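# Prediction below, plus the sequence it came from.
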Amino acid sequence: GAVVSQHPSWVICKSGTSVKIECRSLDFQATTMFWYRQFPKQSLMLMATSNEGSKATYEQGVEKDKFLINHASLTLSTLTVTSAHPEDSSFYICSARDWRETNTGELFFGEGSRLTVL
Amino acid sequence: AQSVAQPEDQVNVAEGNPLTVKCTYSVSGNPYLFWYVQYPNRGLQFLLKYITGDNLVKGSYGFEAEFNKSQTSFHLKKPSALVSDSALYFCAVRDIRATGTASKLTFGTGTRLQVTL
């Protein structure tokens, strides 16, 4: 099956620093990737939709300048949390859509990245 | 707009008993429906999907789901639960007519399945 690799799995950083999370589709090309945030014992909150070669589309209430998304190639999207603060601590999950599955919308998920901001 | 409802926050089942995790959906047109499972501190794993065809869909790990258009439901089932099935389960829907950025999946709030000995 399609594999999505997300790195790092765990990251701890100081308040005010920036953190980059990578999401890679390993065996397929992903024209669209999605970034989610998940709070403890809660559902997934879609943050933004990332399309290769164009600007990301952010969901209402998500700060574009805080959460920078880049989708530079068909296999890589990055989420950078800028000037991180403790309230940004969360579990971030990426997902990718195989371009061949565009019609069904099936998503393949990364393993998630737990960010802790001290 | 599309939406998914998972009415139960948690389902408790004894090992060996059948399990059902409920999901109802709302879309303007016809739906694509998915079930995903999440283990602690992990991403989501695909279980099964309904696109078209047979209303009963079989997926990974012995799970199946039945698409019921009249009741707009897509309940997840397994004939005999295992302790290792304990996890968080998400139902998701997408309107088949949606395109571009509108074609995102909408997830339910998740149901925690607890299987005990």
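Thanks, I have the structure now.
# Pull up the residues of chain B that are close to chain A.
Within chain B, the residues that sit near chain A (C-beta under 8 Å from any C-beta of the partner chain) are B:32, B:34, B:36, B:41-46, B:49, B:51, B:90, B:92, B:94, B:96, B:98, B:101, B:103-105, B:107-110. For the C-beta atoms, the positions are set from N, CA and C on the backbone; glycine is no exception.
# Pull out the buried members of those.
Using 16 or more other C-beta atoms under 10 Å in any protein chain shown as the burial test, these include B:32, B:34, B:36, B:42-46, B:49, B:51, B:90, B:92, B:94, B:96, B:98, B:103-105, B:107-108, B:110 as buried.
# Low-confidence bits of chain A, can you list those?
For chain A, residues meeting the criterion pLDDT under 70 lie at A:1, A:101-105.
# Give the helix, strand or coil label for the one residue sitting closest to the centre of it.
Nearest to the geometric centre of chain A sits A:W35, at 3.4 Å (C-alpha atoms, centre = their mean). Under DSSP: H, G, I helix; E, B strand; the rest coil, the three-state class of A:W35 is strand.
# Tell me where the chain has strands.
Assuming you mean chain A. For chain A, the strands defined by DSSP state E occupy A:4-7, A:10-13, A:19-25, A:30-38, A:44-51, A:57-58, A:67-73, A:76-81, A:90-98, A:108-109, A:113-117.
# I was after chain B.
Going by DSSP E, chain B shows strands at B:3-5, B:10-14, B:19-21, B:24-26, B:31-38, B:44-50, B:56-58, B:64-68, B:73-78, B:87-95, B:106-107, B:111-116.
# Tell me which of those strands lies nearest to A:A2.
Comparison of the strands of chain B against A:A2 by C-beta to C-beta identifies strand B:44-50 as nearest, at 8.9 Å.
# coming back round to it: format the strands of chain B as a markdown table; extra columns: distance to A:L76 and mean pLDDT.
Compiled in a markdown table, the strands of chain B are given as follows (distance: least, C-beta to C-beta, whole Å; pLDDT from 0 to 100):
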| stretch | distance to A:L76 | mean pLDDT |
| --- | --- | --- |
| strand B:3-5 | 30 | 92 |
| strand B:10-14 | 37 | 97 |
| strand B:19-21 | 34 | 98 |
| strand B:24-26 | 32 | 96 |
| strand B:31-38 | 23 | 93 |
| strand B:44-50 | 20 | 92 |
| strand B:56-58 | 32 | 95 |
| strand B:64-68 | 33 | 96 |
| strand B:73-78 | 33 | 98 |
| strand B:87-95 | 24 | 92 |
| strand B:106-107 | 24 | 88 |
| strand B:111-116 | 33 | 96 |
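# Tabulate those strands (a markdown table), appending distance to A:E63.
Below are these laid out as a markdown table (distance: least, C-beta to C-beta, whole Å):
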| stretch | distance to A:E63 |
| --- | --- |
| strand B:3-5 | 25 |
| strand B:10-14 | 33 |
| strand B:19-21 | 34 |
| strand B:24-26 | 29 |
| strand B:31-38 | 26 |
| strand B:44-50 | 25 |
| strand B:56-58 | 39 |
| strand B:64-68 | 37 |
| strand B:73-78 | 34 |
| strand B:87-95 | 25 |
| strand B:106-107 | 22 |
| strand B:111-116 | 30 |
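# Please name the nearest non-neighbouring residue to A:Q29.
Leaving out its chain neighbours, the residue that sits closest to A:Q29 by C-beta to C-beta, 6 or more residues apart in numbering or on different chains is A:L74, at 4.1 Å.
# phi, psi of that neighbour?
Note on A:L74: its backbone torsions stand at phi -80, psi 0 [degrees, to the nearest 10].
# Please list all residues in contact with B:F46.
Taking C-beta atoms under 8 Å, 6 or more residues apart in numbering or on different chains, we find B:F46 in contact with A:G1, A:E106, A:L107, A:F108, A:F109, B:F34, B:W35, B:Y36, B:S60.
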